[in-house]
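Q: take this sequence and fold it.
(one chain, ligands or ions: 2)
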Amino acid sequence: MDFKKNYINGEWVASHSNATRDIINPFNQEIIATVTESDETDTKAAINAAREAFDSGKWAATPATERGHIVHIIAELIERDKEELAKLESLDTGKTVEESRGDMEDIAGVFRYYAQLADKNGGEIIDSPIPNTISKVVHEPVGVCGQITPWNYPLLQASWKLAPALVAGNTLIMKPSEITPLTTVKVFELMEEAGVPSGVINLILGPGESVGAELSANEEVDLISFTGGIATGKKIMQAASANVKNIALELGGKNPNIIFADADFDTAVDQALNAVYFHAGQICSAGTRLIVEETIHDKFIEKLVQRVENIKLGSGFDKNTQMGPLISEEHLNKVIHYVETGKQEGATVAVGGKRPNNPALQQGFFYLPTVLTNCTTEMHVVQEEGFGPVITVETFQTEAEAITLANDSIYGLSGGVWTNDIAKAERCVAKMRMGTVWINEFNLYFPHAPWGGFKQSGIGRELGKAGLEEYQETKHIFQNLKPEAMNWF
Ligand SMILES: NC(=O)c1ccc[n+]([C@@H]2O[C@H](COP(=O)([O-])OP(=O)(O)OC[C@H]3O[C@@H](n4cnc5c(N)ncnc54)[C@H](O)[C@@H]3O)[C@@H](O)[C@H]2O)c1
Ligand SMILES: C[N+](C)(C)CC=O
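A: Ligands and ions are numbered 1, 2, ... in the order given. Below you'll find the model as predicted:
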């Protein structure tokens, strides 16, 4: 695999210090690539390139239809190379290739969706209350956008930022997670091939503390869009205040999954697994807080545990694997810490609760899919985002109790309700303080509908029309067709 570099002003360049970083396969800890490691100096060069490209006006002045056409070509190139991209994503993150294939379909869909929206948000004529005037609203690009992404869905989260920023006419600097940059590098190659002009898209590889912090604080950056953890989000928000940047934060979640006794039992059990164990639970919207009606608790947990015991761990490249490793040793230790703390606080391990014994998995950062019962709302493992394959189980007797438990969180990203009583479901979702609520479903998202969090799960929305509006300024233009002196002064 060749050495991966930054992409600044249309050139592939190594960092000024020539520092490098090895990228590790979380399944076996082998080095899968070496990439350039940048710092503040490289970041400033990328910001300058984006600033000059924006100020030249060349991209913003390109007709929206043409910008949309280029974004559509990017979608086609992703479609063309989706198998290579899927394998690269699995190598880098450990998730199964089947999951990565699904991600690549979603990613191409995001570029396609924004391509077709490019020339359909031109503004509006306001019915002016003042005679002989024209009042109109137009949308303009925000300017230079800093975009910072996490390691769990590297290219998917990048696509949610790249596609709307481009069709809106912005220039950008993207910083992927330093531990999973490979598919983002590849998509920059595809965007170059698609004909995005130099300076419009810039890629900078490096750590958050230097590259990410510079992007967040630099006064030449007009907007910072971040997806990642809550602690980092708070730092970015603070740094962004330097020049009162526009800010979009997609942060973590600790998502409730409410199961009423009248739900379709087998489907609810099956989907409770899907809600958490894809990508070993490393999903912002994972339904890790299972909230089950007391009357079905024992039966539900018995069936759930039976199913969990059969989940096959292994290499993401093995067709039989259902769950891969966690991303890193540091992250594995975090998951272990939360489960151990939960046990000390009174939770019972119904299944899992440790690393697998299988000798073939010892080089990988594996943790068994876990169910903790006897959980209560104040436990750390219930309140804090462990980001691993761990379900905590709480019970309720009444609808009101279920809602109270569901909302008892600083987070508000997503949640689910399982019941065959639609009126009850509607009553629940009306009270659930989350950006996405599913009824008889979990973890579904698509480009047309907005995504984002209530409470400390974030600010702003990605996807849908709202995801485009994040990258647009709104300008009111007022024209007097019959100007007259006022003679006031
Ligand atoms: N809401 C969503 O849609 C969504 C989607 C995916 C992931 N997430 C969240 O992401 C988190 C997991 O990702 P992570 O561990 O990579 O998050 P993280 O916050 O550790 O890192 C995210 C990115 O921020 C960078 N960063 C770190 N410190 C920084 C700083 N001081 N200034 C600027 N940038 C900095 C990192 O290098 C990385 O690129 C979870 O909390 C998950 O819920 C949320
Ligand atoms: C937003 N989503 C669900 C694709 C990934 C969250 O980690």
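
Q: ok, Gly388 - contacts?
A: Ala280, Gly281, Gln282, Leu326, His331, Lys334, Val335, Tyr338, Tyr367, Thr370 (C-beta atoms under 8 Å, 6 or more residues apart in numbering). C-beta coordinates here come from the backbone N, C-alpha and C atoms, glycine included.

Q: do you know how far the last one is from ligand 2?
A: When C-beta to the nearest ligand atom, to the nearest Å is applied, the distance between Thr370 and ligand 2 equals 19 Å.

Q: where in this protein is pLDDT low?
A: 1 (pLDDT under 70).

Q: for ligand 1, what are the nearby residues on it?
A: Contact residues, the chain versus ligand 1 (C-beta under 6 Å from any ligand atom): 148-153, 157, 175, 177-178, 207-209, 212-213, 216, 227-229, 232, 235-236, 250-253, 284, 385, 387, 413, 453, 458.

Q: try it again with 5 Å
A: Residues of the chain lying close to ligand 1 by C-beta under 5 Å from any ligand atom are 148, 150-151, 177, 208, 212-213, 227-229, 232, 235, 250, 252, 284.

Q: show me what the helix or strand hosting Gln479 is packed against.
A: Take DSSP states H and E as the rule and Gln479 turns out to sit in strand 472-480. When contacts are defined as 3 or more C-beta pairs under 8 Å, 6 or more residues apart in numbering; DSSP states H and E, strand 472-480 packs onto strand 133-141.

Q: that older thread, now what about the strand holding Gln479, what contacts it?
A: 121, 126, 128, 132-142, 168.

Q: so how far is Ala280 from Val308?
A: Val308 sits 13 Å away from Ala280, going by C-beta to C-beta, to the nearest Å.

Q: mind checking which of the contacts of strand 472-480 are buried?
A: Neighbour counting by 16 or more other C-beta atoms under 10 Å classes Asn121, His139, Pro141, Val142, Ala168 among these as buried.

Q: dump the residues you listed to CSV, plus distance to Ala240.
A: Listed next are these as CSV, based on distance: C-beta to C-beta, whole Å:
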residue, distance to Ala240
Asn121, 25
His139, 22
Pro141, 18
Val142, 13
Ala168, 19
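
Q: need the max-distance pair from the residues of the chain next to ligand 1.
A: Ala213 and Cys284 (22.0 Å; C-beta to C-beta).

Q: and the two? Which one has more around it.
A: Applying other C-beta atoms under 10 Å to Ala213 and Cys284 shows that Cys284 carries more neighbours, namely 27 against 18.

Q: who's in contact with that one?
A: Listed by C-beta under 8 Å, 6+ apart, the contact set of Cys284 reads Asn152, Glu250, Leu251, Gly252, Gly253, Leu413.

Q: how much space separates the first one from Asp408?
A: Pointing back at Asn152 there. Asn152 is 25 Å from Asp408, by C-beta to C-beta.

Q: neighbour count: these two, which is higher?
A: Asn152 (23 against 16).

Q: could I get the full set of strands for the stretch 301-450 of the chain?
A: 348-351, 370-373, 390-396, 411-412, 414-418, 436-439 (DSSP state E, counting those that start in this stretch).
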